[in-house]
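Trainee: model the structure of this input:
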Amino acid sequence: MDERVDRLRENVVAFSRRIRSKSSGHLMSPTQMQALSHLDRSGPLSARALADLEQVAPQTIARTVCSLEGRGMVTRSIDPKDARSQLISITEVGVGTLTADRARRREWLAAAIEERCTDVERELLFLAGGLLARLAEAPGSTRPPEAQS
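Mentor: Predicted coordinates for the structure are as follows:
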């Protein structure tokens, strides 16, 4: 099973790299695009909540937010529930960038599926997508790698 798991991981990584390469020319990092996606889906979030969703350190999300803010893709506002905190929101520019990016990737993926897959394979892919989403929600190990042997 280990060999099959390794092959699956390698295939998922190769697919992820390929689909990420189909950007709409925005020259943004995957972390920046993912942050915009979270804000688009969830609405305004605190930096802490965004860092938790991204599974990155608060310092990393702070740099990401500063970069996106500098490009006019997000804004910050005072959190009405806690005046000491700020909420980050996606702007129209951010939505436009995200929409163009999603459209480009969707077009590539739809064409690739249509050209390279049978009807049965298409259905399997859509089922596998749901399974991958479920696996992505699995909690990670809390033990250090050297203690997992």
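Trainee: CA atoms for contacts and neighbours, from now on please.
Mentor: OK.
Trainee: how close does residue 35 sit to residue 4?
Mentor: Distance, residue 35 to residue 4, by CA to CA, to the nearest Å: 32 Å.
Trainee: looking at these two, which is more packed in?
Mentor: residue 35 (22 against 9; other CA atoms under 10 Å).
Trainee: average pLDDT for the helix or strand harbouring residue 38, rounded please.
Mentor: Using DSSP states H and E, residue 38 falls within helix 30-42. If you average the pLDDT over helix 30-42, you get 94.
Trainee: check which element follows it along the chain.
Mentor: With DSSP H and E, the next secondary element past helix 30-42 is helix 47-54.
Trainee: check the offset of that following helix from the chain's centre.
Mentor: 12 Å (CA atoms, centre = their mean, to the nearest Å).
Trainee: so which elements touch the helix ranked longest in the chain?
Mentor: Identified as the longest helix of the chain according to DSSP state H is helix 92-116. Applying 3 or more CA pairs under 8 Å, 6 or more residues apart in numbering; DSSP states H and E, we find helix 92-116 packed against helix 2-20, helix 30-42.
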